[in-house]
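**Q** need coordinates for the following:
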Amino acid sequence: MARLTEQVQTADWKSEKHVPVIEAPDKVKADEIFRVTVSIGKEIAHPNKTEHHIRWISLYYQENGGKYPRQAAHVEFTCHGESIEGPDKGPLFTHHEATAALKISKSGTLYALAYCNIHGLWQSEKPITVV
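**A** From the prediction side, this is the model:
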């Protein structure tokens, strides 16, 4: 049986629409708040339809030398045009982008994990240095 970690996919976000894009400073000051935005489909648009959409994004941080990552944020996108009139006829579509404010005291790596309801789990990462 395959492990869940073997099912997580990665690729270059510039050529694959499912990969989370992490936008954050490369360097931050210790214990000062900074913003991290995670989005899907920055270069190649990802569909946002009832039948094909991003369901959620989770953001994690793991300090260098740390034993495990810590979940910093989790956002669910719960409306994709569903309606009693049929798929994609509803008045609301949540868009697959989220921003979180963080502060860290040690250098480490940000990880983003996203779930597409058709194509599964996708991951990306970004190192961040505390100065």
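**Q** any low-confidence regions in this structure?
**A** Of all residues in the chain, none has pLDDT under 70.
**Q** would you map the strands across it?
**A** Under the criterion DSSP state E, the chain contains strands at 20-23, 27-28, 34-40, 54-63, 70-76, 97-102, 108-116, 120-130.
**Q** got CSV for these, with mean neighbour count too?
**A** C-beta here means a position set from N, CA and C on the backbone, and glycine is covered the same way. Formatted as CSV, the strands of the chain follow (neighbours: other Cβ atoms under 10 Å):
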stretch, mean neighbour count
strand 20-23, 19
strand 27-28, 15
strand 34-40, 19
strand 54-63, 20
strand 70-76, 14
strand 97-102, 16
strand 108-116, 21
strand 120-130, 17
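**Q** distance to residue 83 added to the ones you listed, as a markdown table?
**A** Formatted as a markdown table, these follow (distance: least, Cβ to Cβ, whole Å):
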| stretch | distance to residue 83 |
| --- | --- |
| strand 20-23 | 28 |
| strand 27-28 | 43 |
| strand 34-40 | 23 |
| strand 54-63 | 18 |
| strand 70-76 | 19 |
| strand 97-102 | 23 |
| strand 108-116 | 21 |
| strand 120-130 | 26 |
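**Q** ok, and the closest non-adjacent residue to residue 74?
**A** In this structure, residue 74 finds its nearest non-sequential neighbour in residue 58, 4.6 Å apart by Cβ to Cβ, 6 or more residues apart in numbering.
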